[in-house]
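> with the sequence up front, the predicted model follows.
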Amino acid sequence: MPDRSYMINEIFYSLQGEGGRAGTANLFLRFAGCNQTCRKETHGFDCDTEFASGRRMTLAEILAEFRQIGPGCNWVILTGGEPALQVDRELIDALHAAGYKLAIETNGSIELPPGIDWITVSPKVAEHAIRQRFAHEVKYVRGYGQGIPKTVVQAEHKLISPAFEGNILDPRTLEWCIRLVKENPNWRLSVQMHKNWNIR
Ligand code: SF4
């Protein structure tokens, strides 16, 4: 077992609340740190994720915690912050060797190492700055009045996610996103259901 370590914000066991894998049980590995600062004025929504704090954990410690909190679960979601700042081949290979499948939620600004089983790119940078241009799903968080960019990300599933304010979804924003999908029928609505389910 390699003894590499990573800055981890939190590890928890819950259900994926959005996108094509919504409703499935997953171990969440939230990495500390992000390379963006999403604000309503610039991005249409305020980042509501605490990713600044973290503790350094080795791969062996991460795996031990997975086995303790989610025995029987074989899917891990790599999230953040921005997980691509830390995710490397060693981590991917070690988690695969331990029997896990890997999903990732990335802002797309850093190209990912190969081998991840389910890639969600949720762009938070301009299209020309997107480096991860292949994904299983691409998801744009949209506030009221924001359009859909001509995406550079190649993905089978194209999702529009209405921006929440904390745990509240403004009906105007939802209505706006429904209208976007009706006008662009190759896109699909993806609401953050975990906020309604009252889970993380
Ligand atoms: S990219 Fe994601 S985690 Fe980073 S600031 Fe934006 S919303 Fe928050």
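Happy to help now that I have it.
> please count neighbours and contacts with C-alpha atoms only from this point.
Fine.
> which SSE is V152 in?
Under the criterion of DSSP states H and E, V152 resides outside all helices and strands.
> I'd like to know how far it sits from the ligand.
Going from V152 to the ligand by Cα to the nearest ligand atom, to the nearest Å gives 17 Å.
> hey, what's the residue nearest the centre of the chain bridged with?
Geometric centre of the chain, nearest residue: E105, 2.5 Å, by Cα atoms, centre = their mean. Beta-bridge pairing of E105 under DSSP bridges involves T120.
> surely it is in contact with S122?
Yes. Under the criterion of Cα atoms under 8 Å, E105 makes contact with S122 at 7.0 Å.
> near the ligand, which residues of the protein? Just list them.
Residues of the chain lying close to the ligand by Cα under 6 Å from any ligand atom are C34, Q36, T37, C38, C47, T49, G80, G81, E82, N107, K124.
> where's Y6 relative to the ligand, distance?
With Cα to the nearest ligand atom as the criterion, Y6 and the ligand are 17 Å apart.
> ditto for N74
To the ligand, N74 is 24 Å away according to Cα to the nearest ligand atom.
> give the contact list for R4.
T58, L59, E90 (Cα atoms under 8 Å, 6 or more residues apart in numbering).
> mind putting these in CSV, distance to P113 and neighbour count included?
Formatted as CSV, these follow (distance: Cα to Cα, whole Å; neighbours: other Cα atoms under 10 Å):
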residue, distance to P113, neighbour count
T58, 19, 18
L59, 17, 18
E90, 10, 14
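> in strands, which of those residues fall?
Of the contacts of R4, the ones assigned to strands by DSSP state E are T58.
> tell me how many other residues surround the closest residue in space to V76 that isn't next to it in sequence.
Using Cα to Cα, 6 or more residues apart in numbering and skipping residues adjacent in sequence, the residue nearest V76 is L27, 4.7 Å away. Applying other Cα atoms under 10 Å, we find 25 residues neighbouring L27.
> tell me the SS of L27?
What DSSP: H, G, I helix; E, B strand; the rest coil gives for L27 is strand.
> quick one, helices of the protein?
All helices of the chain, identified by DSSP state H, fall at 40-43, 59-69, 89-97, 171-183, 193-197.
> so which of the residues of the chain next to the ligand comes closest to I178?
Closest approach between the residues of the chain next to the ligand and I178, by Cα to Cα: K124, at 20.8 Å.
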